[in-house]
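Student: can't give you the sequence, but here's the structure:
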């Protein structure tokens with residue numbers, strides 16, 4: 001894992017997203033993510049909703065250290081315009097903005113996601129900041145690992161703070 005920048009506090013704007021939800025143990029389970037983003041892509045592709053400014057992200061609502069694995073909730077999201085209509089298992093919502101600690105990292109593979117989150121939590125504690133559990137934490141994916149020469153994942157980890 002390589003930090004592209006140190007964690008910093010940033011004011012994030014609210015974003016409208018289309019999403020697919022999943023409840024269960026997603027930790028380290030790349031198939032779950034592949035399936036969810038696959039569903040989003042198959043819905044958005046024919047509608048030509050994916051442009052250069054589309055962001056793909058995962059939203060998390062639980063602390064895997066506390067919540068039982070089978071109750072963990074995950075939403076695979078992509079940004080959309082406010083007027084886009086959704087259907088079936090594709091829902092839409094506004095992901096809240098506000099004060100977040102944002103850390104950009106380059107990970108060599110899926111197994112580094114856990115340590116990357118631990119790093120941001122550690123930073124929070126060192127800086128006497130408290131996580132705001134009323135808002136989702138998320139990962140914003142900045143590249144497609146399949147298109148990276150070494151299959152690295154580049155992402156922003158965003159954690160809401162009070």
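Tutor: Arrived safely. On a predicted model such as this, the values are computed, not experimentally measured, just so you know.
Student: return the distance of stretch 75-87 from the chain's centre.
Tutor: 15 Å (C-alpha atoms, centre = their mean, to the nearest Å).
Student: buried stuff in it?
Tutor: By 16 or more other C-beta atoms under 10 Å, the buried positions in stretch 75-87 come out as 75-80. To be clear about C-beta, it is placed using only N, CA and C from the backbone, and glycine gets the same treatment.
Student: where does the nearest residue to residue 80 once chain neighbours are set aside land in three-state SS?
Tutor: Nearest non-adjacent residue to residue 80, counting by C-beta to C-beta, 6 or more residues apart in numbering: residue 18, 4.8 Å away. The three-state label given to residue 18 by DSSP: H, G, I helix; E, B strand; the rest coil is strand.
Student: so which helix or strand of the protein has the lowest pLDDT on average?
Tutor: strand 2-3 (a mean of 88; mean pLDDT, DSSP states H and E).
Student: and that strand, what does it pack onto?
Tutor: Using 3 or more C-beta pairs under 8 Å, 6 or more residues apart in numbering; DSSP states H and E, the elements in contact with strand 2-3 are strand 98-107.
Student: which strands and helices sit next to the helix or strand just after the strand it packs on?
Tutor: With elements assigned by DSSP states H and E, the helix or strand that comes after strand 98-107 is helix 113-126. Helices and strands touching helix 113-126, as assessed by 3+ C-beta pairs under 8 Å, 6+ apart, comprise strand 98-107, strand 153-160.
Student: and residue 117, which of those strands is closest to it?
Tutor: Evaluated with C-beta to C-beta, the helices and strands packed on helix 113-126 place strand 153-160 nearest to residue 117, the distance being 6.4 Å.
Student: ok, residues contacting the closest one?
Tutor: Residues outside strand 153-160 that contact it (C-beta atoms under 8 Å, 6 or more residues apart in numbering) are 4, 12, 96, 98-110, 112-113, 116-117, 120-121, 124, 131-143, 145, 148.
Student: ok, the least confident helix or strand of the chain: who's next to it in the sheet?
Tutor: Here strand 2-3 is paired, per DSSP bridges, with strand 98-107 (antiparallel).
Student: pull the distance from stretch 22-38 to the chain's centre.
Tutor: 12 Å.
Student: and if you look at stretch 16-27?
Tutor: With C-alpha atoms, centre = their mean as the basis, stretch 16-27 stands 10 Å off its chain's centre.
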